[in-house]
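Enquirer: fold the following, please.
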Amino acid sequence: MQGLRSAGTARQELGQSATRSVSSDPGDPVGTDLCPQEISEFLLGRMIHDGAFSARAEEKQWRSLELLLTLRAEVTRVAVLTAICASAANALDDKPDLRAARALTRFYPVGSSGFILASARYSRLDPLGNVTKTLHAFNDALELAMIATVQFTAARQATHDPVAACVADLCAAWRTACAKAHPLLSRIDDAIGMLNPIGRADDGDVLVEVLKEAALGGAPLRKPDGEFIMPAWAEQRQSPRIAVACNARLIDGAGEVVTHITDASAGGLGIETSKRLREGEMVTIDLGQVVLPGRVVWYARGRAGIVFEQGLLDDSPEYRFLSSHLELC
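Expert: Numbering: from 1, shown residues only. Below you'll find the model as predicted:
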């Protein structure tokens with residue numbers, strides 16, 4: 001709950017000046033023990049950080065792609081939990097069910113700091129974009145569903161009734177969250193379409209179909225014996241690496257060669273290439289719309305791993321320390 005309220009707080013930052021900035025890491029503890037010099041250094045760093053992206057479009061492009069890849073993995077994980085909770089809530093709508101009531105707390109989307117952080121960072125980078133608007137709609141719906149779950153659980157414990165009095169609100173909230181989740185997954189896939197992600201979140205995709213069924217009142221993630229589970233396909237999707245299939249130009253000091261990208265994450269790429277690469281070598285991956293500078297971290301028999309090289313202020317330990325201890329009004 002605290003994390004989701006922090007996400008709402010982060011949205012209020014958008015469009016404000018650096019002198020009214022708050023932590024870019026929602027959920028971090030904040031305080032006011034910094035001296036004026038440290039505050040000035042923080043604000044200067046924030047202004048330089050934000051100005052770099054507005055002044056250099058190429059940096060904003062690759063940073064946007066990096067955050068979208070992070071966001072896709074986090075949204076997928078939370079969407080699966082949303083579908084399970086909605087399935088459990090829908091089961092409770094039919095009749096009292098202790099296993100469904102327990103599933104709501106077992107699969108309650110806690111531990112979502114990665115999702116909150118990725119959401120806040122991307123919203124700050126592209127506050128008016130379609131992904132951000134859809135992300136806010138899902139965040140708002142998820143927060144209401146989590147509140148409804150807490151209220152339901154409290155009422156059930158007070159009355160020892162597995163159905164309690166607020167099942168209708170519980171079902172409506174989780175169904176709405178499911179309805180907001182699958183457009184968000186589709187928006188993200190559209191935004192990273194240049195990478196041609198395998199298993200896009202469109203009609204026919206198993207997660208999208210499960211979300212749609214749960215949004216309509218079904219319980220698609222319930223086993224025949226009545227238990228609620230994390231399906232095998234969902235476990236496989238929680239990896240931060242996304243399988244993709246696209247070609248790009250790999251450029252190094254000796255020239256360039258067409259390269260096939262097989263997977264992508266916020267930290268780098270997996271590629272197949274006819275060019276023999278050396279560990280530690282600096283290369284550039286040109287996707288046409290986005291140019292990604294990186295470094296070869298391993299190479300073996302035509303395959304290689306590329307790590308993105310450009311550091312960012314808000315990823316540095318110094319910035320994160322200052323932001324976790326500072327809140328300005």
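Enquirer: what's the helix or strand for residue 149?
Expert: helix 130-159 (DSSP states H and E).
Enquirer: now do the helix or strand following that helix: distance to the chain's middle.
Expert: Under the assignment DSSP H and E, the closest C-terminal helix or strand after helix 130-159 is helix 167-191. With C-alpha atoms, centre = their mean, to the nearest Å as the basis, helix 167-191 stands 14 Å off its chain's centre.
Enquirer: also stretch 127-142?
Expert: 11 Å.
Enquirer: go on, stretch 81-94?
Expert: So, by C-alpha atoms, centre = their mean, the centroid of stretch 81-94 is 22 Å from its chain's centroid.
Enquirer: excluding its backbone neighbours, what's nearest residue 245?
Expert: Once flanking residues are discounted, residue 245 sits nearest to residue 196: 5.1 Å by C-beta to C-beta, 6 or more residues apart in numbering. (C-beta placed from N, C-alpha, C; glycine too.)
Enquirer: now swap in residue 292 and tell me
Expert: residue 285 (4.4 Å).
Enquirer: bridging residues for the one you found?
Expert: residue 250, residue 292 (DSSP bridges).
Enquirer: report pLDDT for it.
Expert: Confidence at residue 285, expressed as pLDDT, is 90.
Enquirer: one more: the one 3 residues further on?
Expert: According to the model's per-residue confidence, residue 288 sits at a pLDDT of 83.
Enquirer: which of the helices or strands spans it?
Expert: For residue 288, there is no enclosing helix or strand under DSSP H and E.
Enquirer: what is the burial count for it?
Expert: Using other C-beta atoms under 10 Å, residue 288 is surrounded by 10 other residues.
Enquirer: surely it and residue 195 touch.
Expert: No - applying C-beta atoms under 8 Å, one finds residue 288 not in contact with residue 195, separated by 11.2 Å.
Enquirer: so for stretch 103-113, what's the average pLDDT?
Expert: Average pLDDT, stretch 103-113: 82.
Enquirer: all set, thanks.
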